[in-house]
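Student: Sequence first, predicted coordinates after that:
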Amino acid sequence: TTQRIAVIAGDGIGKEVVPAAIACLERIAELHTLDLRFTYFDWGSEYYLQHGRMMPVDGLEQLAAHQAIFLGAVGSPEVPDAESLWGLLIPIRREFQQYINLRPVKTLAGVASPLKAAQPIDLLIVRENNEGEYSEVGGRMYRGLPQETAVQETIFTRLGVSRVARYAASLAASRSGRLTSATKSNGIIHTMPFWDEIVAETARLYPEVSVTSELVDALAAHLVLKPWTFDVIVASNLLGDILSDLGSSVTGSIGLAPSANLNPEGEFPSLFEPVHGSAPDIAGKGLANPVGQIWSGAMMLEHLGHIEAATHLQSAFESALRDGLGTRDVGGPSSTAEFTSGVLSAIDTL
Ligand code: NAI
Ligand code: MG
């Protein structure tokens, strides 16, 4: 059966790493006789500069007709970041109830890391993706006056926290049974204790799971000093975002990190994108590491039910890295295109 995939390369290096990943996905689809149909949307900051919005008025309706969305990154120095994020990515995540942002962090052979971890890292960050600190509730008052004030409310709901906790606990149950919950209930005295209570309550439904609540400042330090001790980490929208850049950097580069924005019920399309942004500082130079994008493609294949194809793609980019073909950010010699050729050869030979 045909599976329709909406592709939004977006801005900056999104335009380099998305074509790289699509080339790999097309080769894999051919070898595994998958009928994947890619539809390309030119939405993003250039579209914004022309039309005054990041995507058309009926953008979400157009996307709803697809089984998955494959995104590069959005963001440009010419467009305020809040516009690019709230004009495209956040509406997609919310409209399609993609309440799980799953971000694997794993040691890969052939990657130079600034921190030599004593043991291999293999952990999953489960970030709440629909509510929390990313909220529209709040405002600005007394602009320009000495008493000028900004208020930004955090919203946690029982439904929102319990469903992300359930997902994370069941993931932990399928792995080591160890679940760490990022919190800050010593300083944030209303929302964070509520988060802690619901996570603890939910985890009790999984007797094989032991949950540890850890204050996020200490957790961040542990993630640097002994990252191999973690298995599944569940965190709110903001804390999960910060911890995932940290986690991927510990394994070598933010360019490696993939993510899935999941609607676990499958009622709406899920979205797959690397953790990194549009990296304007290196855009157009052939320096971008496409691993985060390719790995996100493997997560998409798995979500679409193509487990063997996903494993094949995963082994191929891991083998290209192991062979020392990585891009410069991981200490290798390759350009984006050279590394991608390496992955394509590995796909053919594995
Ligand atoms: P960034 O992730 O784009 O870049 C941070 C640093 O990592 C830069 O030095 C960059 O060169 C490097 N880097 C990122 N991806 C890389 C890759 N694949 N290979 C090699 N090096 C890589 O974050 P930054 O600079 O804070 O944001 C740039 C723009 O991207 C902003 O407009 C921001 O709003 C947007 N952004 C978009 C996201 C999305 O679309 N989901 C996520 C994060 C940021
Ligand atoms: Mg981020």
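Tutor: Everything's here; your move. Ligands and ions are numbered 1, 2, ... in the order given.
Student: where do the strands sit along the stretch 101-250 of the chain?
Tutor: Counting by DSSP state E, counting those that start in this stretch, the segments of the stretch 101-250 of the chain that form strands are 122-128, 138-141, 149-152, 178-183, 210-215, 232-235.
Student: how close does residue 238 sit to ligand 1?
Tutor: Counting by C-beta to the nearest ligand atom, to the nearest Å, the gap from residue 238 to ligand 1 is 13 Å. Quick note: C-beta positions are derived from backbone N, CA and C, even for glycine.
Student: and that residue, how many residues sit next to it?
Tutor: The burial metric for residue 238, expressed as a neighbour count using other C-beta atoms under 10 Å, is 17.
Student: Now do the contacts for it.
Tutor: Residue 238 sits next to 132-134 when contact means C-beta atoms under 8 Å, 6 or more residues apart in numbering.
Student: Got the confidence number for it?
Tutor: Predicted confidence (pLDDT) for residue 238: 98.
Student: The one 3 residues further on now?
Tutor: Per-residue pLDDT puts residue 241 at 95.
Student: pLDDT wise, what is the nearest residue to it once chain neighbours are set aside at?
Tutor: In space, and not counting its chain neighbours, residue 241 is closest to residue 127: 6.3 Å by C-beta to C-beta, 6 or more residues apart in numbering. Taken from the predicted model, the pLDDT recorded for residue 127 is 98.
Student: Residues in a beta bridge with residue 127, which ones?
Tutor: For residue 127, the beta-bridge partners under DSSP bridges are residue 101, residue 235.
Student: separation between it and residue 146?
Tutor: Using C-beta to C-beta, to the nearest Å, one obtains 38 Å as the distance from residue 127 to residue 146.
Student: more crowded one of the two?
Tutor: residue 127 (28 against 5).
Student: for the closest residue to residue 201 other than its chain neighbours, what are its contacts?
Tutor: In space, residue 201 comes closest to residue 162 once its chain neighbours are excluded; the distance is 7.6 Å by C-beta to C-beta, 6+ apart. Neighbour list for residue 162: 198, 201-202 [criterion: C-beta under 8 Å, 6+ apart].
Student: could you dump the residues you listed to a markdown table with neighbour count and distance to residue 120?
Tutor: Conversion of those to a markdown table gives the following (neighbours: other C-beta atoms under 10 Å; distance: C-beta to C-beta, whole Å):
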| residue | neighbour count | distance to residue 120 |
| --- | --- | --- |
| 198 | 22 | 32 |
| 201 | 13 | 33 |
| 202 | 24 | 29 |
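Student: Also near ligand 1: which of those residues, exactly?
Tutor: Counting by C-beta under 6 Å from any ligand atom, the subset of the contacts of residue 162 that neighbours ligand 1 is empty.
Student: would JSON lines of the residues you listed with distance to residue 208 be doable?
Tutor: Shown next, in JSON lines, are these (distance: C-beta to C-beta, whole Å):
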{"residue": "198", "distance to residue 208": "19"}
{"residue": "201", "distance to residue 208": "16"}
{"residue": "202", "distance to residue 208": "14"}
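Student: and which of those is nearest to residue 58?
Tutor: Taking C-beta to C-beta as the measure, residue 58 sits nearest to residue 198 out of those, at 36.1 Å.
Student: is it true that the closest one touches residue 163?
Tutor: No - contact status for residue 198 versus residue 163: not in contact, 9.9 Å apart, counting by C-beta atoms under 8 Å.
Student: Look up the closest residue to the closest residue to ligand 1 within the stretch 1-150 of the chain, ignoring the ones flanking it.
Tutor: Using C-beta to the nearest ligand atom, the point where the stretch 1-150 of the chain gets nearest to ligand 1 is residue 75, with a distance of 2.3 Å. Among residues not flanking residue 75 along the chain, residue 278 sits closest, at 4.4 Å (C-beta to C-beta, 6+ apart).
Student: Test my guess that the one you found contacts residue 14.
Tutor: Yes - Residue 278 lies in contact with residue 14 (C-beta under 8 Å); the separation is 5.6 Å.
Student: More neighbours: which of the two?
Tutor: It is residue 14, of residue 278 and residue 14, that has more neighbours when counted by other C-beta under 10 Å, with 27 against 24.
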